[in-house]
Each structure stands twice: as C-alpha cells, then as structure tokens.
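**Student:** Sequence first, then the predicted structure, then my questions.
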Amino acid sequence: MRIAIVNYEAGNLRSVETALRRLSFEFEVVSRPEELLRADKVVFPGVGDAGAVMRVLERTGLAEALREYYRSGRPMLGICIGAQVVLERSEESDLACLGLVPGVARRLPGGPGLKVPHMGWNGVRFPAEHRLFEGIPQESSFYFVHSYYPEPAELQDVLCETEYGIRFASALERENLTAVQFHPEKSGEFGLRLLSNFLSG
C-alpha cells in the first residue's frame, strides 16, 4: 500500500511522519501531482493560513490533483487546516478552497475565558462504532490548535462535535474523505489509534 503525506510547504509534516513511523507504516512525502495520484491513501497534514495554503496548492498543481484524487474514491484524511480547505471557502481568506465539501470555515467567536486560537486538549463526541474511532472511548480528548472551524452546509457531513463556547464540527466525513480539526499525531495513544484505524482500514 502506498501512503502519501502531502507537502505543501507549510504543513506539520514532521509530527505526522514521526507518528506514522511509530505505527510502522511506510509512507512517502509528496509535493508533485503525479506522486500524489499514485497513492492508495493520502494524508493532508495541517498548519497554516487557508489563503497561503491554497495559493501553494494552486501554484503547484496539487489542488487539482487533490480534487482528482477525491473523485477517484480513494481514502483521504485531512488534519487541521486540511479540515478547512476541503470546504468551498474560508473566512480566513477570500480565495476559493478545494470545494470537496459544501460549506465554509468560520472563525471561532471566543468569549469570556475562551481564547482564540483554541489551543489544548478538548473532548470529541463521535458516532458509536465508527471505524475511525474503533477502540477509542467516547468523549476522548484530542489536541487542538486552531482559530477557524469547518461548517459544512449539510449536517450529514458532520462526523464529530466539540464544544468551545459553541458546539462546532471537529471532524467531517463525505464519501471517501475524512477530515479532523484536531491533531491526532499530537494526541497520544488515542490519536495514534485513529491514524492506525484510517491507514489500516
């Protein structure tokens, strides 16, 4: 099985690479469309500004390659910014995003005692018996670092929810695409389990 981690010049590559090595999965870091399109599974790691990310993806041809890969039906996992740029657009930028999932990335409103960015551990509520969360207790905590969150247009695309002043979608799922707002590669035992479930499922 060929696993590809997308390198778009701003992603949190090292921690994802470390996690996959710890899980004993072989992978390659890809930065060209033809490399991405050869993969059996793709991980799109997250860190960065949505506009800057999309400019790099469009310039390198990776944006259209990701759209083509999604249309092929092969499994994709987006992490953090990867849960935002899969939407049609982001409030962080006027640029269009990948458009794989109808919806918009919204800025967290914050509030009394709630700093933005939302940074640290928080509970995630997910559907019982979902393959991605096999072996992970309900309401387990995962590590977040973000100022924006995905707001899909269709409720059926919401996979998980988390509360931080508001209840927001902390993971999406649409067809062969799964995208999590938190960082499983920084979330200890349960985060590693989630990555293993995705890569071995």
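**Tutor:** That came in fine, so what should we check first?

**Student:** tell me which residues of the biggest strand by length in the chain are tucked away?
**Tutor:** Secondary structure of the chain per DSSP state E: the longest strand is strand 166-174. Buried residues in strand 166-174, defined by neighbour count with 16 or more other Cβ atoms under 10 Å: 168-174. To be clear about C-beta, it is placed using only N, CA and C from the backbone, and glycine gets the same treatment.

**Student:** do stretch 56-67 as well
**Tutor:** Buried-residue list, stretch 56-67, by 16+ other Cβ under 10 Å: 56-57, 60, 62-63, 65-66.

**Student:** for the protein, where's the lowest mean pLDDT among helices and strands?
**Tutor:** Using mean pLDDT, DSSP states H and E, strand 93-96 stands out as the lowest-scoring helix or strand of the chain, at a mean of 83.

**Student:** Show me what that one pairs with in its sheet, parallel or antiparallel.
**Tutor:** strand 87-90 (antiparallel) (DSSP bridges).

**Student:** can I get the CA coordinates of the partner strand in CSV?
**Tutor:** C-alpha atoms of strand 87-90 as CSV (Å, rounded to 0.1, in the frame of the first residue of the first chain):
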residue,chain,number,x,y,z
LEU,A,87,-14.6,23.3,2.0
GLU,A,88,-15.7,25.7,-0.6
ARG,A,89,-14.2,28.8,1.1
SER,A,90,-12.8,30.1,4.4
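
**Student:** Sheet partners, orientation included, of the next helix or strand after the least confident helix or strand of the chain?
**Tutor:** On the C-terminal side of strand 93-96, the closest following helix or strand by DSSP states H and E is strand 101-107. For strand 101-107, sheet partners with direction are given as strand 87-90 (parallel), strand 148-152 (antiparallel), following DSSP bridges.

**Student:** Same list, those strands, but as a markdown table with mean neighbour count, mean pLDDT and distance to L13 please.
**Tutor:** As requested, the strands paired with strand 101-107 are exported to a markdown table (neighbours: other Cβ atoms under 10 Å; pLDDT from 0 to 100; distance: least, Cβ to Cβ, whole Å):
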| stretch | mean neighbour count | mean pLDDT | distance to L13 |
| --- | --- | --- | --- |
| strand 87-90 | 22 | 97 | 21 |
| strand 148-152 | 22 | 98 | 21 |
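
**Student:** Would you reformat those as CSV and include distance to V180?
**Tutor:** Putting the strands paired with strand 101-107 into CSV (distance: least, Cβ to Cβ, whole Å) gives the following:
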stretch, distance to V180
strand 87-90, 14
strand 148-152, 10
